[in-house]
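K.L.:
build me a model from this:
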Amino acid sequence: MGSEQKIEIVPVDQIVPLPYNVCRMDSEKELMLRTDMTRVETVGMYKIDPILLRRLTPEEIEEYKKKGKLNARYMIVDGHRRWNAAVELGWHEIRAVITDMTLDEAREFNYKKNKIRGTVDPMREAAYFRYLRDVKKMTVDQIAEKFGMSHREVERTLSRIRVSPEVKTLLVGVTALSPLHYEIVGSVPEPEKQKALAQVIAKEELSTREAQIAKVAIEKGLPPEKTVKVVKAAKREKLAPKEAKVVVEALAKKPEAETLLELPKPKLVEEAKKIALPPPQPSKQEEKLYTCPACGAKLKLVDGELQLCR
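P.N.:
Below is the predicted model:
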């Protein structure tokens, strides 16, 4: 372990990135990092923490040579942003701790480290879980146990990979985009409805709560323009999710009832329920049979009254 913690100076051209790095860093943090690194090279090198590398196996070295990476000797486990900045700033060397991790161990370490920092890219996380499920043949429960998550959390994470590349592009511009946005869109099975939902989310900059309402509307077959109106009405009147769902179901059942969206909350929900919920069926009279102790005839108990023998 002591040798693993030894800090070494490694030429940057001997380093290749981890193919499955899940890290995502915002532009502000990236700028702060570059500020620390744009000093005199020897000062900058010691200003930042060492990166973590794994030694490439002889087989991996040969594979990288075929790809034109003749000097490749190490792979980044943690520290991609620092290495990228070093390359762009023209550094020749960088400090590093070198380990003998396997590729799978490196992927796991990279994921856990970024999860702790809160810098995991949601789509790369989903891709990593898919790799564990499809390639490493791990069950959802095994993945959940491995990373201290619930079964439902893993399923929701995997749902993100059902978002098509085209839909991902549509969501890129959403200011407050979160993993839950991807999960909401990914839970819609039909590609065209996925696309319609993503377009509404992007155009209206929907929060995740609003996106949930839009999802229900799109799945019920409401067109995008009517979906937007429902979301705006729900936001204006501060409808609870169940109330918004009733409104959606009312419009799906009776499209011409769009004017109800102009009503204030109590009336809006009341009128929507009249359309969406079927009227209660009258209950049949409770009827039970009893035996007359005198003659053995069958007696009926109807609405609490015993119908006596004649």
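K.L.:
can you pull out the helices in the stretch 51-200 of the chain?
P.N.:
Secondary structure of the stretch 51-200 of the chain (DSSP state H, counting those that start in this stretch): helices at 58-66, 80-88, 103-117, 122-134, 140-146, 151-159, 165-171, 179-186, 191-204.
K.L.:
pLDDT on the fifth one, on average?
P.N.:
Looking at helix 140-146 alone, the average pLDDT works out to 97.
K.L.:
coming back round to it: please name whichever of the helices of the stretch 51-200 of the chain is nearest to A272.
P.N.:
Nearest of the helices of the stretch 51-200 of the chain to A272, taken as C-beta to C-beta: helix 191-204 at 20.2 Å. For glycine as for every other residue, the C-beta is placed from the backbone atoms N, C-alpha and C.
K.L.:
list the buried residues for that closest one?
P.N.:
By neighbour count with 16 or more other C-beta atoms under 10 Å, helix 191-204 contains the buried residues 194-202, 204.
K.L.:
follow-up on the earlier one: tell me the most buried of the helices of the stretch 51-200 of the chain?
P.N.:
Highest mean neighbour count among the helices of the stretch 51-200 of the chain (mean count of other C-beta atoms under 10 Å): helix 179-186, with a mean of 22.
K.L.:
centre of the chain versus that one, how much separation?
P.N.:
In terms of C-alpha atoms, centre = their mean, to the nearest Å, the centre of helix 179-186 is found 5 Å from the chain centre.
K.L.:
rebuild the helices of the stretch 51-200 of the chain as CSV, extending it with distance to P17.
P.N.:
Listed next are the helices of the stretch 51-200 of the chain as CSV, based on distance: least, C-beta to C-beta, whole Å:
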stretch, distance to P17
helix 58-66, 11
helix 80-88, 6
helix 103-117, 10
helix 122-134, 13
helix 140-146, 24
helix 151-159, 23
helix 165-171, 21
helix 179-186, 23
helix 191-204, 29
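K.L.:
which one of the ones you listed lies nearest to I275?
P.N.:
Per C-beta to C-beta, nearest to I275 of the helices of the stretch 51-200 of the chain: helix 191-204, 22.7 Å.
K.L.:
which regions of this structure lie under the pLDDT threshold?
P.N.:
Counting by pLDDT under 70, the low-confidence segments of the chain come to 1-4, 26-27, 39-46, 280-310.
K.L.:
got the domain ranges for it?
P.N.:
Domain assignment for the chain by automatic domain parsing gives 7-117, 163-276.
K.L.:
pick the most deeply packed of those domains.
P.N.:
domain 163-276 (a mean of 17).
K.L.:
and it, how far apart are its ends?
P.N.:
31 Å (C-alpha to C-alpha, to the nearest Å).
K.L.:
contact partners for K215?
P.N.:
Applying C-beta atoms under 8 Å, 6 or more residues apart in numbering, one finds that K215 lies in contact with 184-185, 187-188, 197.
K.L.:
which of the buried residues of helix 191-204 sits closest to V135?
P.N.:
Using C-beta to C-beta, these come closest to V135 at Q194, 25.2 Å.
K.L.:
which residues touch L239?
P.N.:
233, 247, 265, 268-269.
K.L.:
so which of these are in helices?
P.N.:
If you go by DSSP state H, the contacts of L239 have 233, 247, 265, 268-269 in helices.
K.L.:
mind putting these in JSON lines, distance to A126 included?
P.N.:
Putting the ones in helices among the contacts of L239 into JSON lines (distance: C-beta to C-beta, whole Å) gives the following:
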{"residue": "A233", "distance to A126": "33"}
{"residue": "V247", "distance to A126": "32"}
{"residue": "K265", "distance to A126": "37"}
{"residue": "L268", "distance to A126": "37"}
{"residue": "V269", "distance to A126": "36"}
